[in-house]
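*Asks:* only geometry, no sequence info:
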């Protein structure tokens, strides 16, 4: 009976902690919005041009072909830093993407992985573990150590003396038309997501450009962007909305939710897991919209799907598979 009381008390405490965290996040977001002296609209983008050393907010431009091939994967960062930086300043989207990936690798992934390796080593040395558990721990440890050896070679000799920030270069790549960077910037913060009070400028960029990046990527055929728009426009917290949704400025729009839900079902017919949430969004839209608006959303979805060639859709579907790719490899993808 005492154990049951302790369990109930623990559940209550966990719920209170979750509520407090979400309220705290909301307060910080309101503060960011209140201190943002310049309002940005998705419909009308500002005209300033970005460089890594300025804080001006740039416009979204058409994709440009890379000036030259990117350096080989896993080339030491110190050997390619200046050339990538110069190319990024000339709005070379692929070079900006690659520099963002390498900075994130050396400034964040490498030190974080060291912590994980140390924890796994301690755990594997603990007494009383059965052979199956030890085998699984060793497998994970070997995987992390292999990645660590590669990253050690890439990052050796690099010192970020200029304080270059990975998110700025990922942002530049997205603004200059790199679809993969648009997807990345809206889903995986290239800054510390656990500290809402730090990197305020990054959060502003995320808030002001998330919708336009998602729309650009979705309209170009990105399954992941289409799915995220279904989640965002549905406005339903039970429809698999990601952890960054609390910071998003995207407002519910049931017609748009229906449009991208129809498109997602056309792209990903075999995606049983996500289709459950997509169909839930469609059912919700059907309750909220008159039949003619729902029909119009279906027509828009059909037109968008037909605008993509089958070859392009097949390639996008291949790239959407959860395959582990070397760091920086996605920057070589077509713009």
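*Replies:* Now that the structure is in, tell me what you want to look at. Computed from a prediction, not measured in an experiment: that's the story for all the values here.
*Asks:* any low-confidence regions in the stretch 151-300 of the chain?
*Replies:* Residue ranges of the stretch 151-300 of the chain with pLDDT under 70: 196, 237-246, 269-273.
*Asks:* please redo it, this time with the cut-off set to 80
*Replies:* For the stretch 151-300 of the chain, applying pLDDT under 80 flags the ranges 188-189, 192-198, 236-248, 268-275.
*Asks:* which stretches of it form helices?
*Replies:* For the stretch 151-300 of the chain, helices defined by DSSP state H, counting those that start in this stretch occupy the ranges 166-175, 179-187, 200-219, 223-234, 254-267, 272-288, 291-306.
*Asks:* turn those into TSV, including mean neighbour count and distance to residue 73.
*Replies:* To be clear about C-beta, it is placed using only N, CA and C from the backbone, and glycine gets the same treatment. Shown next, in TSV, are these (neighbours: other C-beta atoms under 10 Å; distance: least, C-beta to C-beta, whole Å):
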stretch	mean neighbour count	distance to residue 73
helix 166-175	27	17
helix 179-187	25	15
helix 200-219	21	23
helix 223-234	26	22
helix 254-267	24	29
helix 272-288	16	30
helix 291-306	14	34
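*Asks:* and residue 139, which of those is closest to it?
*Replies:* Closest approach to residue 139 among the helices of the stretch 151-300 of the chain (C-beta to C-beta): helix 272-288, 25.5 Å.
*Asks:* and the angle for that closest one with helix 254-267?
*Replies:* 150 degrees (axes from the mean of the first three to the mean of the last three C-alpha atoms, to 10 degrees).
*Asks:* number the residues from 32 up from this point.
*Replies:* Will do, 32 is the new start, and the previous item becomes helix 303-319.
*Asks:* next one: helix 303-319 to chain centre, how far?
*Replies:* 23 Å (C-alpha atoms, centre = their mean, to the nearest Å).
*Asks:* hmm, back to that, export the helices of the stretch 182-331 of the chain as TSV, with columns for distance to residue 179.
*Replies:* Putting these into TSV (distance: least, C-beta to C-beta, whole Å) gives the following:
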stretch	distance to residue 179
helix 197-206	19
helix 210-218	22
helix 231-250	27
helix 254-265	28
helix 285-298	36
helix 303-319	32
helix 322-337	43
